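In: Kindly return the folded structure for what I paste below:
(chains A and B, ligands or ions: 3)
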Amino acid sequence: MTDSGLKVDVACTVNGARQTLRVHPLARLLDVLREDLGLTGTKEGCGEGECGACSVLVDGELVNSCLVPVLQVEGAEIKTIEGVSARGAELHAVQQAFIECGGAQCGICTPGMVLAAVSLLANIPQPTDADIRNGLAGNLCRCTGYMKIFDAVVRACERAGVKA
Amino acid sequence: MRAYLPDYNLRAPRSLADALDLMAREPGVWRAFAGGTDLMVLLEFGALQHKNFLSIRHLPELRGIEITPEHVTLGALTTYTHIQRDADVRREFPLLGAAGRETGGIAIQNRGTLGGNVVNASPAADSPPALLVYDAQLELVSASGARWIDYRNFHTGYKQMDMRPDELLRRIRLPRATGDLKTYYRKVGTRKAQAISKICFAAGARLASDGRIKDARLGLGSVAPTVLRCARTEDVLRDRTPDEATIKAACAMLVEEIAPIDDMRSTAQYRARVAANLLADFLVNLKK
Ligand SMILES: Cc1cc2nc3c(=O)[nH]c(=O)nc-3n(C[C@H](O)[C@H](O)[C@H](O)COP(=O)(O)OP(=O)(O)OC[C@H]3O[C@@H](n4cnc5c(N)ncnc54)[C@H](O)[C@@H]3O)c2cc1C
Ligand code: FES
Ligand code: FES
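Out: Ligands and ions are numbered 1, 2, ... in the order given. Model prediction:
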C-alpha cells in the first residue's frame, strides 16, 4: 500500500515508543499503523470517515485514522487500542466495562468504540446520557444494537467516578 | 477505486510565506490541504483530480481566534471543536456553535476546519449558512498581498469562487454586536451525526420596539448550487410585523428565490416545503 517512489521520514510517538517512519506523505495513518507497524487492532470499516472503526488518538484528540495523511502526524503522539492500557498493566476501565457488559460481539467496531469512550471520559469526566450518545455518534456497530456499549460506558464512568 | 498514491504529493511548507511563494511561482499546481476530511474521502475513492498539495495545518498564521471590539476573527484552521470550546464565540455566535455541534461526529469535529468547509464549497455545508447570517468576511492572502471580501459574494456558482489559484484563505472575520439578534438554526438530515444535510437553515433578525422586523438575515444550504443568502425574502420581511400575512408572503418568496434539486438525499419538492416551514417556524418564534 505505501510502496511508492516518493517517500519521506515522519517522526512520531506511537503508544509511547519513538518511531521514524519512511512513508508516502499521503499514506493513511490507518495503513501505516496496520501495515508498517503491525498494529492491527485499529480496524478499517468504511475508509471514508463514517464508521469510526479506525479511531485513534492524535495528541489526545479522537481522529479517524483513515482520514489522516501520515505527514500530518510529524511530531505527534499517537495512541491506538494497543496502548490504551499501560503495558503489562490491568485493562483500562473502559475495556474492563466492555467485557463485563457484553459491549463487543464481532469486535470490529470495538477498538474504535473504546477509543471514542476513552476520549469522551477525558474531555467530560461525568457525562450525561446525551453526552455519551454524542460522544459515540461517529462510531457505527452492526452487531450489538448499541445498548450494551452504552451500558459499558456508563459503568466505566461509575468506576472512574472517584477520579473525576 | 482507491487512488494510486505515487501520483500524488503532499508537502509541509516551513511557513506561510514559503507556501504562498510556491503557489505564486507555480500557480495552479499547489493546493491547500487542511484537515483532510473532504480531500481524503476523494483520494480514497480515486476521485481526487488535483495531485499536489501543501499541508497548511501547522501554520500558526492560519490558526487561533482573535477578539477585538469590532470583530471576532477565526483562523481558517479553526475546527468545529475549537468553536465549541470557545465560550465567547458560542455566546456571541450561537449559529456557528450549533453548526459545529451538528457537523459529523466528534472525530470529524476535531479535524475538519471552517476554512476547509468554506473553500470546499459544497452547497450542503453546514457552517456557511451561519457565516452568511453573521455577514462574515474572508481574508484571502497571496504572495502579492491580502484582500478582504464579503463572504456572501464568495461563491459564484457550483464549486466556483472568487479565489485565485495562488491564494489561501487565511481568516474569517465576523462583525460583533450581534447581541440582540434572535437566531434560529436547523439542519435537516437523516440522522443526527454524520449525515449530509437535506436542507440547512440559519436565520437571524431583530424586532423593533413596535414589533416590526429589522435586519432579517436568512442563510440556506442545499437549496441552490451554492449556499444562499436569501435577500429577496429578507426584503419582504423588512419593516413588517411577523403576522400571518407576512409569513405567507415571505414563504412564497422564499420558495421562488431558492432553486433546490432532486438528488439521492431528497427531492426539490421536499426541500422547498421544508425551507418554507422552517422560515414560518422561525418567524412565529420571533415574537416569543
Ligand atoms: C464522515 C464525514 C462527515 C461530515 N459531516 C459534515 C457535516 O455534517 N457538515 C458539513 O458541512 N461537512 C461535513 N463533512 C465535510 C468536511 O468535514 C467539512 O467540509 C470540513 O470542514 C472540511 O475541512 P478540512 O479542513 O477537513 O478540509 P480539507 O479536506 O483539508 O480541504 C477541503 C477543500 O478546501 C481547500 N482548503 C482547505 N483549507 C483552505 C484554506 N485555508 N485556503 C484555501 N483552500 C483551503 C482544500 O484545498 C480543499 O479543496 C463531513 C466529512 C466526513 C468525512
Ligand atoms: S474506516 Fe475510518 S471511519 Fe470508517
Ligand atoms: S461488535 Fe460487531 S460491529 Fe460492533
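
In: Can you tell me the closest non-neighbouring residue to residue 67?
Out: Just going to use chain A. Spatial nearest neighbour of residue A:67, chain neighbours left out: residue B:40 (4.2 Å); criterion: C-beta to C-beta, 6 or more residues apart in numbering or on different chains. C-beta: built from backbone N, CA, C; applies to glycine.

In: wait, I meant chain B there
Out: In space, residue B:67 is closest to residue B:88, 6.2 Å off (C-beta to C-beta, 6+ apart).

In: All the helices of chain A, residue numbers only.
Out: Applying DSSP state H to chain A gives helices spanning A:29-31, A:93-101, A:110-123, A:129-136, A:147-160.

In: Could you pull out the strands in the stretch 101-250 of chain B for me?
Out: Secondary structure of the stretch 101-250 of chain B, counting by DSSP state E, counting those that start in this stretch: strands at B:137-142, B:145-150, B:155-157, B:160-161, B:168-175, B:182-188, B:199-207, B:213-221, B:228-229.

In: Any chance you could list what contacts the fourth one?
Out: I take that to be strand B:160-161. B:119, B:121, B:154-155 (C-beta atoms under 8 Å, 6 or more residues apart in numbering or on different chains).

In: How far away from the center of its chain is stretch A:110-129?
Out: Relative to the centre of its chain, stretch A:110-129 is centred 10 Å away, using C-alpha atoms, centre = their mean, to the nearest Å.

In: ok, and which of the contacts of strand B:160-161 reach ligand 3?
Out: Near ligand 3, judged by C-beta under 6 Å from any ligand atom, there are no entries from these.

In: ok, now which ones touch the closest residue to ligand 2 within the stretch 151-288 of chain B?
Out: Of all residues in the stretch 151-288 of chain B, residue B:194 sits closest to ligand 2, at 9.5 Å by C-beta to the nearest ligand atom. By C-beta under 8 Å, 6+ apart, the residues touching residue B:194 are A:50, A:137-138, B:104-105, B:108.

In: how near is residue B:233 to residue B:278?
Out: Here residue B:233 is placed at a distance of 12 Å from residue B:278 (C-beta to C-beta, to the nearest Å).

In: more neighbours, the two?
Out: A direct count of neighbours by other C-beta atoms under 10 Å in any protein chain shown for residue B:233 and residue B:278 places residue B:233 higher, at 26 against 23.

In: per-residue confidence at the more buried one?
Out: Looking at residue B:233, its pLDDT stands at 98.

In: That one is in contact with residue B:255, isn't it?
Out: No. Contact criterion C-beta atoms under 8 Å: residue B:233 and residue B:255 do not qualify, at 9.2 Å.

In: quick one: common contacting residues for these two?
Out: Counting by C-beta under 8 Å, 6+ apart, residue B:233 and residue B:255 have no common neighbour.

In: Let me see the domain layout of chain A.
Out: Split into domains by automatic domain parsing, chain A comes to A:8-82, A:93-159.

In: Can you say which of those domains is packed in most?
Out: domain A:8-82 (a mean of 21; mean count of other C-beta atoms under 10 Å in any protein chain shown).

In: Check whether that one comes near ligand 1.
Out: Yes. Residues of domain A:8-82 are located near ligand 1 by C-beta under 6 Å from any ligand atom, namely A:48-50.

In: which parts of chain B sit against ligand 1?
Out: By the rule C-beta under 6 Å from any ligand atom, the part of chain B lying against ligand 1 is B:31-39, B:41, B:56, B:62, B:76, B:103-104, B:108, B:111-113, B:115-117, B:119-120, B:125-126, B:168-169, B:194.

In: Which of these fall within helices?
Out: B:39, B:41, B:108, B:111, B:115-117, B:119-120.

In: most neighbours, which of the residues you listed?
Out: That'd be residue B:111 among these, by other C-beta under 10 Å, with 27 neighbours.

In: Quick check: bridge partners of the closest residue to residue B:285 other than its chain neighbours?
Out: For residue B:285, ignoring the flanking residues on the chain, the nearest one in space by C-beta to C-beta, 6+ apart is residue B:184 at 6.9 Å. Going by DSSP bridges, residue B:184 is paired in beta bridges with residue B:203.

In: residue contacts, the spatially most central residue of chain A?
Out: Geometric centre of chain A, nearest residue: residue A:56, 3.1 Å, by C-alpha atoms, centre = their mean. Listed by C-beta under 8 Å, 6+ apart, the contact partners of residue A:56 are A:29, A:33, A:42, A:62-63, A:65, A:78-81, A:115.

In: Residue A:41 contacts residue A:81, correct?
Out: Yes. Between residue A:41 and residue A:81 there is a contact at 3.9 Å, judged by C-beta under 8 Å.

In: shared neighbours of these two, which are they?
Out: Shared between the contact lists of residue A:41 and residue A:81 (criterion: C-beta under 8 Å, 6+ apart) are residues residue A:111.

In: Which residue is it, in the stretch 1-150 of chain B, that comes closest to ligand 2?
Out: Nearest residue of the stretch 1-150 of chain B to ligand 2 (C-beta to the nearest ligand atom) works out as residue B:107 at 7.4 Å.

In: Number of residues surrounding that residue?
Out: Neighbour tally, residue B:107, other C-beta under 10 Å: 30.

In: what does residue B:251 give?
Out: 21.

In: and the closest residue to it other than its chain neighbours, what is it in contact with?
Out: Leaving aside its sequence neighbours, residue B:251 sits nearest to residue B:276 (C-beta to C-beta, 6+ apart; 4.0 Å). For residue B:276, the residues meeting the contact criterion (C-beta under 8 Å, 6+ apart) are B:251, B:254-255.

In: one step back: list the contacts for the residue nearest to residue A:67?
Out: Contacts of residue B:40 (C-beta under 8 Å, 6+ apart): A:28, A:49, A:66-69.
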